[in-house]
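Visitor: My questions concern the predicted model and sequence given below.
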Amino acid sequence: MAHVSLTHVRKVYPNGFEAVKDFSLQIADGEFVVLVGPSGCGKTTTLRMVAGLEDISSGTIDIGGRVVNDVHPKDRDIAMVFQNYALYPHMTVYKNMAFALKLRGVPRAEIDRRVNDAARILGIEALLDRKPKALSGGQRQRVAVGRAIVREPKAFLFDEPLSNLDAKLRVTTRAELKALHLRLKTTTIYVTHDQEEAMTLGDRIVVMSNGLIQQSGPPLEVYQNPVNRFVAAFVGMPPMNFLAGSLRREGDSLAFVEGSSDPSGRPYTLPVPAGRAASLAPWAGKEIVLGLRPQMFSDDLAGASATMALPVRVTEPLGDTIDVFGSTPKHPHLVARVPARAKVSVGQNVTFAVDMHQAHFFEPGEFGRNIMA
């Protein structure tokens with residue numbers, strides 16, 4: 001195991017495109033860190049630079065106290081698991097797992113021990129004599145992970161390893177990977193575009209956009225305290241609702257004014273809780289963006305101080321919950337997630353309680369700062 005350090009790392013391609021901009025991150029020994037973000041944000045390029053598959057344009061990459069900027073990939077003592085498994089089709093599972101060790105001159109007895117130990121950990125002992133074409137997608141992925149395990153590297157690198165699996169298998173394999181990390185405690189860098197995958201797997205998630213780190217921290221901290229609107233939109237399912245409007249002073253209080261009216265003609269005005277008004281006072285009279293997670297809506301109106309009446313466009317039953325898609329004249333795409341007991345139907349005007357104690361307030365713009373963070 002080893003710590004991994006990236007300091008002011010950049011990647012600029014010959015055509016001038018800057019894929020990664022001033023990336024600095026310290027990954028502790030044994031930590032599981034997930035790089036997450038939309039396609040093109042630079043996460044895979046960053047991983048490939050750590051692996052040595054991409055040259056860095058500037059900066060420093062350190063693995064276990066050794067600068068590896070100019071070290072060949074095979075000499076970095078890392079193991080990488082790819083999205084497409086990259087198994088040798090003509091080799092058995094055993095030979096696929098043993099191949100890298102054989103190239104390194106590891107004694108036959110040691111190879112046999114490592115392969116069998118990894119196969120036992122992953123539950124693929126019965127598959128060792130099969131070839132990849134005789135395996136399911138989930139089994140192939142386990143073999144790819146096993147091939148990484150037998151190398152006993154300083155760090156594991158995973159490049160979207162679950163993308164080719166069906167939804168059910170992704171969930172079970174995700175749990176297996178997490179259990180595997182708890183057992184091996186090897187430093188791990190994992191890349192995914194799936195924020196749910198990132199939230200469930202990582203000790204820490206690193207949200208990227210446009211080649212930059214937007215926020216890094218424990219999953220729940222990032223979810224509960226996003227530093228900007230981009231992070232708030234990317235982390236969380238369904239995505240956060242954003243309502244552009246302004247803050248209006250009402251005596252000693254503040255209220256968010258959305259700027260349009262509900263089906264009965266009542267303006268959409270949401271009072272700001274007293275405990276949050278002081279932080280927002282400088283924004284009175286200014287444009288601001290209100291962020292409401294779908295879970296902040298409720299069908300229980302008892303004691304509600306803030307409510308919104310929305311015409312229902314679509315409903316999506318999810319078992320114990322239901323996603324209700326509504327709109328205002330200014331914001332055509334809003335979603336509320338409420339208990340399935342709620343009697344909601346398309347075309348109905350439904351009044352929801354809104355939990356303004358958990359609401360977020362952002363500066364305008366795609367990367368607008370979270371004012372309350």
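Guide: Here it is on my side, so go on.
Visitor: Number of residues surrounding residue 54?
Guide: 17 (other Cβ atoms under 10 Å). For glycine as for every other residue, the C-beta is placed from the backbone atoms N, C-alpha and C.
Visitor: An error on my part: the question was meant for residue 233.
Guide: So residue 233, with other Cβ under 10 Å, has 16 neighbours.
Visitor: swap in residue 305?
Guide: Residue 305 has 12 nearby residues by other Cβ under 10 Å.
Visitor: Next, find the distance separating the closest residue to it other than its chain neighbours from residue 307.
Guide: Nearest residue to residue 305 in three dimensions, chain neighbours excluded: residue 271, at 5.8 Å (Cβ to Cβ, 6 or more residues apart in numbering). Distance of residue 271 to residue 307, given as Cβ to Cβ, to the nearest Å: 10 Å.
Visitor: Surely the residue nearest to residue 305 touches residue 356?
Guide: Yes: assessed by Cβ atoms under 8 Å, residue 271 is found in contact with residue 356 at 6.8 Å.
Visitor: The helix or strand that contains residue 33 pairs with which strands, and in what direction?
Guide: Assigned by DSSP states H and E, residue 33 belongs to strand 32-36. Strand pairing for strand 32-36, using DSSP bridges, gives strand 187-192 (parallel), strand 204-209 (parallel).
Visitor: Mind pulling up the pLDDT for the residue nearest to residue 305?
Guide: Among the per-residue scores, residue 271 holds a pLDDT of 95.
Visitor: same thing with residue 122?
Guide: Predicted confidence (pLDDT) for residue 122: 86.
Visitor: Export the following helix or strand past the strand holding residue 33 to CSV, keeping only CA atoms.
Guide: Using DSSP H and E, the next helix or strand after strand 32-36 towards the C-terminus is helix 43-51. Extracted C-alpha coordinates of helix 43-51, given in CSV (Å, rounded to 0.1, in the frame of the first residue of the first chain):
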residue,chain,number,x,y,z
LYS,A,43,-11.3,12.2,-14.6
THR,A,44,-10.1,9.3,-16.9
THR,A,45,-7.2,11.4,-18.2
THR,A,46,-6.2,12.0,-14.6
LEU,A,47,-6.3,8.3,-13.8
ARG,A,48,-4.3,7.4,-17.0
MET,A,49,-1.6,9.9,-16.0
VAL,A,50,-1.3,8.2,-12.6
ALA,A,51,-1.0,4.9,-14.4
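Visitor: And the helix or strand just after helix 43-51, what's buried?
Guide: Sequence-wise, the next helix or strand downstream of helix 43-51 (DSSP H and E) is strand 58-63. Neighbour-count burial for strand 58-63 flags 59, 61, 62, 63 (criterion: 16 or more other Cβ atoms under 10 Å).
Visitor: mind putting these in JSON lines, pLDDT included?
Guide: Converted to JSON lines, the buried residues of strand 58-63 look like this (pLDDT from 0 to 100):
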{"residue": "59", "pLDDT": "97"}
{"residue": "61", "pLDDT": "98"}
{"residue": "62", "pLDDT": "97"}
{"residue": "63", "pLDDT": "96"}
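Visitor: and residue 269, that's in a strand?
Guide: Yes: per DSSP: H, G, I helix; E, B strand; the rest coil, residue 269 lies within a strand segment.
Visitor: Spit out the residues that contact residue 271 and residue 356 alike.
Guide: 256, 305, 306 (Cβ atoms under 8 Å, 6 or more residues apart in numbering).
Visitor: Return the residues in contact with the nearest residue to the first one once chain neighbours are set aside.
Guide: When you say that, I think you mean residue 256. Once flanking residues are discounted, residue 256 sits nearest to residue 270: 4.6 Å by Cβ to Cβ, 6+ apart. Contacts of residue 270 were listed using Cβ under 8 Å, 6+ apart, and they are 255, 256, 258, 290, 306, 308, 354, 356, 359.
Visitor: And the strands in the stretch 151-300 of the chain?
Guide: 155-159, 187-192, 204-209, 212-217, 241-250, 253-261, 267-271, 287-292, 297-298 (DSSP state E, counting those that start in this stretch).
Visitor: buried ones in stretch 161-169?
Guide: 161, 162, 165.
Visitor: So which of those residues is the closest to residue 198?
Guide: Checking the buried residues of stretch 161-169 against residue 198 with Cβ to Cβ, the nearest one is residue 162 at 11.4 Å.
Visitor: That closest one contacts residue 175, correct?
Guide: No: using Cβ under 8 Å, residue 162 and residue 175 do not qualify as a contacting pair, with a distance of 11.1 Å.
Visitor: Surely residue 223 touches residue 235?
Guide: Yes: at 5.4 Å, residue 223 counts as touching residue 235 under the criterion of Cβ under 8 Å.
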